[in-house]
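[1] Sequence unavailable; structure follows:
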């Protein structure tokens, strides 16, 4: 433990203690010698102005003055090595996972984080490049639209925009009460109450254009209703579950699937022959079947029968593409 972290730990111990903390306990908690502890106490008291009281004698102990200790806080921002590592990972995630949107909006904060990391590292350059972030399937997002949508969510005001549906490419005007932003598989979605359709809908933010906030309060929807409508079925598609899917994976694929989170209500079990069976609720089959297809022959849809038949048709259509040479 370096000096910076010892000072922070010492402060937290003295601030949370109801009674004087013994010298032996502090030495044990800080993993340091008696001389080092006395130097740290002196620095905390003299340089940082902490209201430290000490009791000498055979059983030395320290505490903060009653009343003063409750009000005292270390100047600036002090982080442990674990907190510093987490901040480094967060910085890398913000900068590289969604370039141009979050990183652009948070540029002033990011520069402060970089200075803070440099100060905590004693002037040494921290190896942020050792944290690698790989995007998968992230779609291009308009910065202005994202900021307008996010602002409306936080300020609790209605939103109007033009929306281009991905499945049909149909263009429509929407007026909604934004409820929350959802980040799913490297893309952003807006969960909102659609005033024209009088129902909850989920909109891909990358398909939103010409967005602007209205000076009208939102129609609030309870979180339980949001989850029942938009988060009770598999994937991003809305709707209450219409059935439970039973999926089986080969012993090879089971090594991965058994450790994966597919849905909050999923049920999984190992079969006697080493395969893995997964059950989960779904409303729209499209995303579920797409995820099953990536496992190829290592995955099988067992039930319900309509879902199994739909998968069978998809595989037949895919096979048909390879019956003749490419055009």
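    The structure has been received and is ready for your questions. Model, not experiment: these values are computed from the prediction.

[2] Give me the local confidence score for residue 123.
    As predicted, residue 123 sits at a pLDDT of 58.

[3] and for the longest strand seen in the chain, what are the contacting residues?
    For the chain, the longest strand by residue count, based on DSSP state E, is strand 171-184. Under the criterion CB atoms under 8 Å, 6 or more residues apart in numbering, residues 149-150, 152-153, 158-165, 188-196, 200-203, 205, 214, 218-221, 226, 230, 236 lie in contact with strand 171-184. Any C-beta I mention is one placed from the backbone N, CA and C, and that applies to glycine too.

[4] Report the angle between the helix or strand just after it and strand 171-184.
    Later in the chain than strand 171-184, the nearest helix or strand by DSSP states H and E is strand 187-194. Interaxial angle of strand 187-194 relative to strand 171-184 (axes from the mean of the first three to the mean of the last three CA atoms, to 10 degrees): 120 degrees.

[5] Could you identify the helix or strand that succeeds strand 187-194?
    The first helix or strand that comes after strand 187-194 along the chain, using DSSP H and E, is strand 199-204.

[6] Name the residues of the helix or strand just after that next one that are buried.
    Once the chain leaves strand 199-204, the next helix or strand it forms, by DSSP H and E, is strand 208-217. Under the neighbour-count criterion of 16 or more other CB atoms under 10 Å, strand 208-217 has 208, 211, 213 buried.

[7] ditto for stretch 178-194
    Going by 16+ other CB under 10 Å, stretch 178-194 has these buried residues: 178, 179, 181, 182, 187, 188, 189, 190, 191, 192, 193, 194.

[8] Over to stretch 263-273?
    263, 266, 268.

[9] shaky segments in the stretch 201-327 of the chain?
    The model of the stretch 201-327 of the chain has pLDDT under 70 over residues 238.

[10] those helices in it, which residues are they?
    For the stretch 201-327 of the chain, the helices defined by DSSP state H, counting those that start in this stretch cover 223-230, 251-257, 285-293, 305-321.

[11] Buried residues in the second one, which are they?
    When neighbours are counted by 16+ other CB under 10 Å, the buried residues of helix 251-257 are found to be 253, 254, 257.

[12] Distance to residue 26 added to those, as JSON lines?
    Shown next, in JSON lines, are the buried residues of helix 251-257 (distance: CB to CB, whole Å):
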{"residue": "253", "distance to residue 26": "53"}
{"residue": "254", "distance to residue 26": "50"}
{"residue": "257", "distance to residue 26": "49"}
